[in-house]
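Chemist: let me see the structure of the following:
(2 chains)
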Amino acid sequence: EADIYQTPRYLVIGTGKKITLECSQTMGHDKMYWYQQDPGMELHLIHYSYGVNSTEKGDLSSESTVSRIRTEHFPLTLESARPSHTSQYLCASSDGGGTIYFGEGSWLTVV
Amino acid sequence: QKEVEQNSGPLSVPEGAIASLNCTYSDRGSQSFFWYRQYSGKSPELIMFIYSNGDKEDGRFTAQLNKASQYVSLLIRDSQPSDSATYLCAVIGSWGKLQFGAGTQVVVTP
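Modeler: Residues are numbered from 1 along each chain as shown, chains lettered A, B, ... in the order given. Next up is the predicted model:
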């Protein structure tokens, strides 16, 4: 069982608010990821990190930003949320063999 | 062309039958291949991985890899209604980058 945690699980906020989605893993994995997924749609990689102080943008352009100050922590921030940011955000980490483990996801609704 | 291709489905399978899911990839240097299951509203969970050509069995699931033809498949034997989900193929390419397919929806009908 994967030890990767996301908070909040569900969030409804107003347009223009700043939010941070938290993600922590206790497995000591160097690689961490953020995916965005709309209901019934495919996963889109928006950010990834291969270690502390290393972050890269993914395949899908996103207005969010990430940081990786500690191995176990990979938060995602939206400076000014918009209704188009409404989606599910999935955090994940992977081991040396490439197996990726997902958190339970954060459902964001911007009204 | 996407790097990892799957039929979106839905794939309708009678209960007790075999579900066969296919995935093709474009990077000939890919080395690691994974199948994930995702229930509606939930996050993906690993079913199995395969690294070598041939078959790998785990319970009712069998993964098949053919690197020459660049495809990997998943067979689900004795399909159950609880197998109804979207199945995601994932591939680690020659540059170490993980790519997911769009997923195939499987519906097992009683």
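
Chemist: pLDDT score assigned to the closest residue to A:Cys23 other than its chain neighbours?
Modeler: Leaving aside its chain neighbours, A:Cys23 sits nearest to A:Cys91 (3.5 Å; criterion: CB to CB, 6 or more residues apart in numbering or on different chains). Where C-beta positions appear, they are placed from N, C-alpha and C, glycine not excepted. In the predicted model, A:Cys91 carries a pLDDT score of 97.

Chemist: A:Asp59 now?
Modeler: 84.

Chemist: so it versus A:Ser84, what's the distance?
Modeler: 18 Å (CB to CB, to the nearest Å).

Chemist: how about A:Gly105?
Modeler: Taken as CB to CB, the span from A:Gly105 to A:Ser84 is 18 Å.

Chemist: so between these two, which is more surrounded?
Modeler: Shown here are A:Gly105 and A:Ser84; by other CB atoms under 10 Å in any protein chain shown, A:Gly105 has more neighbours (21 against 9).

Chemist: now for that one: which residues touch it?
Modeler: Listed by CB atoms under 8 Å, 6 or more residues apart in numbering or on different chains, the contact set of A:Gly105 reads A:6, A:9, A:37, A:88-91, B:42-43.

Chemist: go again with 7 Å.
Modeler: Applying CB atoms under 7 Å, 6 or more residues apart in numbering or on different chains to A:Gly105 gives the contacts A:6, A:88-90, B:43.

Chemist: now the spatially most central residue of chain A, what's its secondary structure?
Modeler: Centroid-nearest residue in chain A: A:Trp34, 3.4 Å away (criterion: CA atoms, centre = their mean). Judged by DSSP: H, G, I helix; E, B strand; the rest coil, the three-state class of A:Trp34 is strand.

Chemist: what about the residue nearest to it when sequence neighbours are not counted, how many neighbours?
Modeler: Leaving aside its chain neighbours, A:Trp34 sits nearest to A:His47 (4.4 Å; criterion: CB to CB, 6+ apart). For A:His47, the neighbour count with other CB under 10 Å is 23.

Chemist: okay then, goodbye and thanks.
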